[in-house]
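*Asks:* Sequence first, then the predicted structure, then my questions.
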Amino acid sequence: MNDAAPSTQPETFYLKDYAPFGFVVESVELTFRLAPETTRVLSKIRFAPNPDAPDRHFFLHGEKLKLISSRINGEAVTPVLTDTGLTCDVPDQPFTWEAEVEINPQANTALEGLYMSNGMYCTQCEAEGFRKITYYPDRPDVMSTFSVRIEGEEKVMLSNGNPGDRGAGYSEWHDPWPKPAYLFALVAGDLVNHPDRFSTGSGKDVELNIWVRPGDEDKCAFGMEALKKSMTWDEEVYGREYDLDVFNIVAVDDFNMGAMENKGLNIFNSSCVLASPETSTDANFERIEAIIAHEYFHNWTGNRITCRDWFQLCLKEGLTVYRDAQFTADMRSAPVKRIEDAIDLRARQFPEDNGPLAHPVRPEAFQEINNFYTATVYEKGAEVIGMLKRLVGDEAYYTALDLYFERHDGQACTIEDWIKVFEDSTGRDLAQFKNWYSQAGTPRVSVQDSYEGGTYTLTFRQTTPPTPGQDHKDPKVIPIAVGLLNPNGDEVVPTTVLEMTKAEQSFRFEGLSARPIPSILRDFSAPVILTRETSAEERAFLLAHDTDPFNRWEAGRELAKASRIAMVTEGASPDAQYLDALQSLVRDDALDPAFRALVLSPPSESEIAQALADQGVTPDPDAIHDAAETFAQTLAQNLSDSLPRLFAATKVEGPYKPDARDAGLRALNGRILALLTRIDGAEAAAKQFETADNMTVQNTALACLLKAEKGEAQSQAFYEQWQDDRLVMDKWFALQVATARPERAPGVAEALTRHPLFTIKNPNRFRAVMGALSMNHAGFHQADGSGYRLLADQLIALDPLNPQTTARMCTALQTWKRYDADRQEKILTELKRIKAVDGLSRDTNEMVSRILD
Ligand code: 0A1
Ligand code: ZN
């Protein structure tokens, strides 16, 4: 059965229509009688009229619930039921609502509400899943304390807050902190814990647990350390302490997203918490540390202060992503983190912001809120906070944050509240800054310079192209961090933040004895596309001399892009100057290995396609792929004398440690192995696979072997070794698709969807295959349309089971306008085929309709 409302005339919700609910909720008591197919949920809710509300319409959300009984003040009532909830006549004064409903967790494949994952009960209520558990005003501005009793035979039964009474067949919980329903959670199953304790700055003793399925106990230690580091960091940097006696984390295998910040009971996709050297890569470790921090930081930015409505999602997500990025920068390398974030923003957010799905950081309309957990809300939302901090300065930022926590603790807030805190604490007028929240699209900033009589002038112009529903864009406030170098590489003007507010604006630097070389948009100080006509020599100079690590890397990236574009459009050879620069950087032992690995990582083929499209050239995926291959092959050949030595010199000795230093070295070693594999008949990769004692090097070796089409035996060996480990098998599925030659990729992916271990019901496994296909650029965009067809087939099959993951995966098709007429037509055919499906979910319908528009 389809899980969403009929798609004929989906309702659109608007920010401008916000009105408070007619009632406040004073307390919630819930009893769960667990049974896989017939769970009973009893609710007892104390309502009181809300004096601030315009009307007293009593509507409770509820979807797919079987109402058994309902009472008001103990008297049976007969509410009017609709597909989306119920209404009922209610008293004019405080009253108690009681209801009993029945739900079927076993049949819940959408993974929203209460569902089962490998025999374990678990919930996902953000954004609007609580309405699939019981009738309730399921909106974030309705906050209440919750008391929960769970009745069942499960060994472990958890909910939010502090534990209460527990006995045979039941367990009780009370959460003293008022919260919206989206933060509700319940978990019950055969779980074991990895326990620890944490003492907060003010001496509160907190019990910590990571709960996992038996057998996974040995994969919790790293997550627990990350949690304790996060707790310490939030106290030290933001002055925020934890506020309950217990903090529980649970790992589940079937989960649509990465993790969820339910109060005191975070639920994690097992891929984002379970870690061991044998089964997890360095990238997994870094991601796990960041996600644990992210969910923990939500306790203050999201839970204690939540969102008034879902249009304000960036209030909690932008800020929390910004905070987790700060944390990672502090725990690891700040420049590396900044570069990684810029790569990610350009790969995921820029295409969104420059295509049919573009929306403001704070959207003003939606049909399905689950479709707005986007790179724009999260990552651009974090960039906006970073710009605000850069504009007001570090000290003023933390003063404003103190005021934010003090003023709004316990409230459901808006972006206006957030901005007002900064205005009040700094005295600045931030009206123009708000454009970042309300206007979609990536600003283009072009720059020209001149030098005369010791004065150097930079002139910037900004424009933002129209986006769906927003033709006109106003100039934004753009912090542009600039430094100037003199021709022998010394910095003559250290990093200075220029504040651009107009469409066109000049900034002067006086008293310079020679024309400087500018380093512009240092540290990627704003999420814009910077264009500047400049020479390869100047870029090579910055790659060698810039004191700002981000811009040093960026100079290399620009050279790489220019060279690849010339190869594609003019049939040029790989740029010799760039090849030379790369070779000296790779050999430069004074440089951080992680940084060298990043310099050696080529721009993605999709990024080149976007760069070509920006220049008005229709990208040819096969030509882009060929250029990438030729470039890498030439680099490998040019470096051939030193590759074996470099490979040996960058090998990490000793027991595996997932810290930034060793991980950086392994990343460099992996890049070198990829090059070496191109010239040594894959010998080194085969040897590394044989001797691998951790997943990072095993995975890298297998990737190199598969790419060289020499990894069949090793792939089989990997499969046999790891077939019982779901997370490692996800890697096995993904690697084969990611490394397949373009013409083979759709076929490889299709064959994998028929593999006995493929299951469409597990989002991780589905993403492993289909996500990898969509990221194999030339493979996905095969001219015969087979990539598009396979994705559409799979999405059509998944939609009735899991609309949310289906809708998210549709983003693979959002860039269709970049490509040639033939490919466009093939993509459109598939989009229309999806849209025509009878009973298509509201989620997928909205995404496909927007992409088609
Ligand atoms: N708030 C979580 C992410 C999340 C969002 C939606 C979900 O289901 C629709 C699940 C999780 C976070 O930011 O980590
Ligand atoms: Zn979040």
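*Replies:* Received the coordinates, thanks. Numbering: from 1, shown residues only. Ligands and ions are numbered 1, 2, ... in the order given.
*Asks:* burial count for the nearest residue to Ile291 once chain neighbours are set aside?
*Replies:* With CB to CB, 6 or more residues apart in numbering as the criterion, Ile291 has its nearest non-adjacent residue at 4.5 Å, and that residue is Cys272. Backbone N, C-alpha and C define where each C-beta goes, glycine included. Around Cys272 sit 23 other residues, with neighbours defined as other CB atoms under 10 Å.
*Asks:* How about Tyr404?
*Replies:* Counted with other CB under 10 Å, Tyr404 comes out at 21.
*Asks:* The residue in the chain positioned nearest to ligand 1 in helix, strand or coil?
*Replies:* Taking CB to the nearest ligand atom as the measure, the point where the chain comes nearest ligand 1 is Met257, at 3.6 Å. What DSSP: H, G, I helix; E, B strand; the rest coil gives for Met257 is coil.
*Asks:* Go ahead and confirm it touches Tyr378.
*Replies:* No: counting by CB atoms under 8 Å, Met257 does not reach Tyr378; the two are 10.8 Å apart.
*Asks:* how about the residue of the chain closest to ligand 1, phi and psi?
*Replies:* Per-residue torsions, Met257: phi -120, psi -160 (degrees, to the nearest 10).
*Asks:* give me the number of residues near Gly711?
*Replies:* For Gly711, the count of nearby residues is 24 (other CB under 10 Å).
*Asks:* Without its sequence neighbours, what residue ends up closest to it?
*Replies:* If you skip the residues right next to it in sequence, Gly711 has Leu705 as its closest partner in space, 3.0 Å away by CB to CB, 6+ apart.
*Asks:* after the helix or strand where that neighbour lies, next one along is what?
*Replies:* Leu705 belongs to helix 695-707 when elements are defined using DSSP states H and E. Following the chain from helix 695-707 toward its C-terminal end, the next helix or strand by DSSP H and E is helix 712-722.
*Asks:* Just the buried residues of that next one, please?
*Replies:* 714-715, 718, 722 (16 or more other CB atoms under 10 Å).
*Asks:* So which elements touch it?
*Replies:* With contacts taken as 3 or more CB pairs under 8 Å, 6 or more residues apart in numbering; DSSP states H and E, helix 712-722 sits against helix 683-691, helix 695-707, helix 726-739.
*Asks:* Flag every buried residue along the helix or strand following the last one.
*Replies:* To tie it back to what came earlier, the one meant is helix 726-739. Remark: after helix 726-739, the chain's next helix or strand is helix 745-752, criterion DSSP H and E. Within helix 745-752, the residues scored as buried using 16+ other CB under 10 Å are 745-746, 748-750, 752.
*Asks:* low-scoring stretches of this protein, by residue?
*Replies:* 1-8 (pLDDT under 70).
*Asks:* repeat that with 50
*Replies:* By pLDDT under 50, the low-scoring segments of the chain are 1-7.
*Asks:* Considering it, which helix comprises the largest number of residues?
*Replies:* helix 549-570 (DSSP state H).
*Asks:* Measure how far that one is from the centre of its chain, please.
*Replies:* Distance, stretch centre to chain centre, for helix 549-570: 26 Å (CA atoms, centre = their mean, to the nearest Å).
*Asks:* Also stretch 371-391?
*Replies:* Using CA atoms, centre = their mean, the offset of stretch 371-391 from its chain centre is 11 Å.
*Asks:* now do stretch 546-561
*Replies:* A distance of 25 Å separates the C-alpha centroid of stretch 546-561 from that of its chain, computed with CA atoms, centre = their mean.
*Asks:* go on, stretch 137-151?
*Replies:* Its chain's C-alpha centre and that of stretch 137-151 lie 27 Å apart, by CA atoms, centre = their mean.
*Asks:* So is it next to ligand 1?
*Replies:* No: between stretch 137-151 and ligand 1, judged by CB under 6 Å from any ligand atom, nothing touches; the nearest distance is 11.5 Å.
*Asks:* Show me what counts as buried in that stretch.
*Replies:* By neighbour count, with 16+ other CB under 10 Å as the criterion, the buried positions of stretch 137-151 are 137-151.
*Asks:* Check stretch 839-849 too.
*Replies:* With the criterion 16+ other CB under 10 Å, stretch 839-849 contains buried residues 840-849.
*Asks:* Count the residues that sit near Phe23.
*Replies:* Neighbouring residues of Phe23 were enumerated by other CB under 10 Å; the total is 24.
*Asks:* now swap in His57 and tell me
*Replies:* Residues near His57, counting by other CB under 10 Å: 12.
*Asks:* For it, give me its contacts.
*Replies:* Applying CB atoms under 8 Å, 6 or more residues apart in numbering, one finds that His57 lies in contact with 22, 87.
*Asks:* Which of Met257 and Tyr378 has more residues huddled nearby?
*Replies:* Tyr378 (22 against 19).
*Asks:* A strand includes the more buried one, no?
*Replies:* No: counting by three-state DSSP, Tyr378 is located in no strand; its state is helix.
*Asks:* show me the contacts for Ala290.
*Replies:* For Ala290, the contact set (CB under 8 Å, 6+ apart) comprises 324-325, 327-328.
*Asks:* related to what we said a few turns ago, tell me which residues of the longest helix of the chain are tucked away?
*Replies:* By neighbour count with 16+ other CB under 10 Å, helix 549-570 contains the buried residues 549-565, 567-568.
*Asks:* and if you look at stretch 631-646?
*Replies:* Taking 16+ other CB under 10 Å as the neighbour-count basis, stretch 631-646 is seen to contain the buried residues 631-632, 634-636, 638-639, 643, 646.
*Asks:* Residues contacting that stretch, please?
*Replies:* Residues external to stretch 631-646 that are found in contact with it (CB under 8 Å, 6+ apart): 560, 563-564, 567, 573-574, 579, 582-583, 586-587, 602, 672, 674-676, 678-680, 684.
*Asks:* In ChimeraX, select just the buried ones from the residues you listed.
*Replies:* In ChimeraX, a selection of the buried entries from the contacts of stretch 631-646 looks like this (16+ other CB under 10 Å):
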select :560,563,564,567,574,579,582,586,602,672,674,675,676,678,679,680,684
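*Asks:* Which ones among the contacts of stretch 631-646 map onto helices?
*Replies:* The subset of the contacts of stretch 631-646 located in helices under the criterion DSSP H comprises 560, 563-564, 567, 579, 582-583, 586-587, 672, 674-676, 684.
*Asks:* is ligand 1 contacted by stretch 805-823?
*Replies:* No: judged by CB under 6 Å from any ligand atom, stretch 805-823 and ligand 1 are separated, with a smallest distance of 9.6 Å.
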